[in-house]
Each structure stands twice: as structure tokens, then as C-alpha cells.
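# What shape does this take:
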Amino acid sequence: MARAKSPEKRAAILEAATHEIAEIGLSASTARIAKRAGVAEGTLFIYFSNKDVLFNELYAELKRETYTALGRNFPVGGSLEERARYVWNSYIDWNSRHPAKGKASSLLHLCAAIEPETRELSSGAKPEIERVLAELRKAPAFRSMPKSFVSSLMRSMQEAVLETIALHPQNRKKLIDAGFAAFWRAVNEQTK
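Residues are numbered from 1 along each chain as shown. Model (predicted):
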């Protein structure tokens, strides 16, 4: 009879994987992840059959957490600028409070092992965020771009703001405001 899996061990493995990916990158070994989680490497494979499965489940967990956080107080009836600004601020706020999770999520976003089904998981504010991105994609210069261009542009600019905040935390608000202003100018300039 198979032993019941412990939710605490699963959570410890996911937490360890988050920190190992944030520190080492996608080459983080399952041996290091297991050691950091305080379990044997064989135990890790009881919970996740291979590294790709672990990465997919971690990516899904991080996305669910992010979308849930972004879903709080989402200005559903606001203007496009208000909703885009909310996404901008909330993403930066969540990543500032959870830097290891933010970095791991960004790296996993680029990981070829992440299955399309995992990327399509919907939770929290994802539908609202997708509507904002769909409206932003209607800007004339973006219409011929790949679907992912606007979200990649926003994410890249948010990452630049986060990196600069890490170096100059005293200028946090100014950097967040200036970053969004630059993003919004790019959107509006493309519509002229």
C-alpha cells in the first residue's frame, strides 16, 4: 500500500525549488533542491516524477499565487490606463515582496519544459489581465506583432524597474511612476 504524500513535504520541495532556481537558474539540480527541502532525492521523485513535472507544477503554483494577488481590488470597470496601471503596480509590488518567487517565475516563463496547458491555467485575475493585454494589443503598431509582444514589453519594463528599485530603494515610488509613464507613452505613441 502506497504511503500518503505529505502536503508539507510537497510544499517544502516547491519552496526549495523556488530558491534554487532564483539563485542558480534552470540548471538547479534535483539533488540540490531535495537537500534544501530536507528530503532525500528519491523522495522528491515520489512527489514529482521528474524535473520537468516539478518545474510545471512550480510554475502553475507561482502563477496562481500571482494572479490571486493581482485579483484583489482589480478595477474591473476602470479605464484601460487605470487597469494597466493596476497590473503594473500590483506585479511590481508582488515581485518586491517575493523576489525569489518573482525571479523563479520569470525564469520558468522562458523554460521550454513548461507545457502549453500549464501556461493556459486560469485563476484569480488572469481573465481581467488578459482583457487588458488584448485591449493594449489593438494599438496600431502592435496589431502586426506576435500576441505575446505587449505582455513581454510590459514585463521587461517592470523587470527594469524592479532591478533599479533593488539598487535605489529610496526612489521606489518615483521609479514605479516613471516606468509606467514610459510604458504608457510607448502605447500611446504607437497609436498616433
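
# Now do the helix ranked longest in the chain: which elements does it pack against?
In the chain, taking DSSP state H as the definition, the longest helix is helix 51-71. The contact analysis (3 or more C-beta pairs under 8 Å, 6 or more residues apart in numbering; DSSP states H and E) places helix 51-71 against helix 7-24, helix 30-37, helix 80-97, helix 99-109, helix 116-119, helix 126-136. Where you see a C-beta, it was placed from the backbone N, CA and C, and this is true even at glycine.

# change it to 7 Å
In terms of contacts (3 or more C-beta pairs under 7 Å, 6 or more residues apart in numbering; DSSP states H and E), helix 51-71 is packed against helix 7-24, helix 80-97, helix 99-109, helix 116-119.

# how far does it sit from the chain's center?
Its chain's C-alpha centre and that of helix 51-71 lie 8 Å apart, by C-alpha atoms, centre = their mean, to the nearest Å.

# which residues touch it?
For helix 51-71, the surrounding residues in contact (C-beta atoms under 7 Å, 6 or more residues apart in numbering) are 14, 17-18, 30, 48, 87, 90-91, 94, 101, 104-105, 108, 111, 113-115, 118, 121, 123-126, 129.

# then it to CSV, C-alphas only?
C-alpha atoms of helix 51-71 as CSV (Å, rounded to 0.1, in the frame of the first residue of the first chain):
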residue,chain,number,x,y,z
LYS,A,51,12.4,17.7,-13.1
ASP,A,52,10.0,18.8,-15.9
VAL,A,53,7.0,17.9,-13.8
LEU,A,54,8.4,19.7,-10.8
PHE,A,55,9.0,22.8,-12.9
ASN,A,56,5.5,22.7,-14.4
GLU,A,57,3.8,22.4,-11.0
LEU,A,58,6.0,25.1,-9.5
TYR,A,59,5.2,27.4,-12.4
ALA,A,60,1.5,26.8,-12.0
GLU,A,61,1.7,27.4,-8.3
LEU,A,62,3.6,30.7,-8.8
LYS,A,63,1.1,31.9,-11.4
ARG,A,64,-1.9,31.0,-9.3
GLU,A,65,-0.4,33.0,-6.4
THR,A,66,0.4,35.9,-8.6
TYR,A,67,-3.0,36.1,-10.3
THR,A,68,-4.7,35.7,-6.9
ALA,A,69,-2.7,38.6,-5.5
LEU,A,70,-3.4,40.7,-8.6
GLY,A,71,-7.1,39.9,-8.4
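
# now the angle from it to helix 80-97?
Angle, helix 51-71 to helix 80-97, by axes from the mean of the first three to the mean of the last three C-alpha atoms, to 10 degrees: 130 degrees.

# Can you tell me the closest non-neighbouring residue to Trp94?
The shortest distance from Trp94 to any non-neighbouring residue, by C-beta to C-beta, 6 or more residues apart in numbering, is to Ala69 (4.9 Å).

# what sits against the residue positioned nearest the centre of the chain?
Nearest to the geometric centre of the chain sits Ser105, at 4.5 Å (C-alpha atoms, centre = their mean). Shown in contact with Ser105 (C-beta under 7 Å, 6+ apart): Leu62, Thr66.
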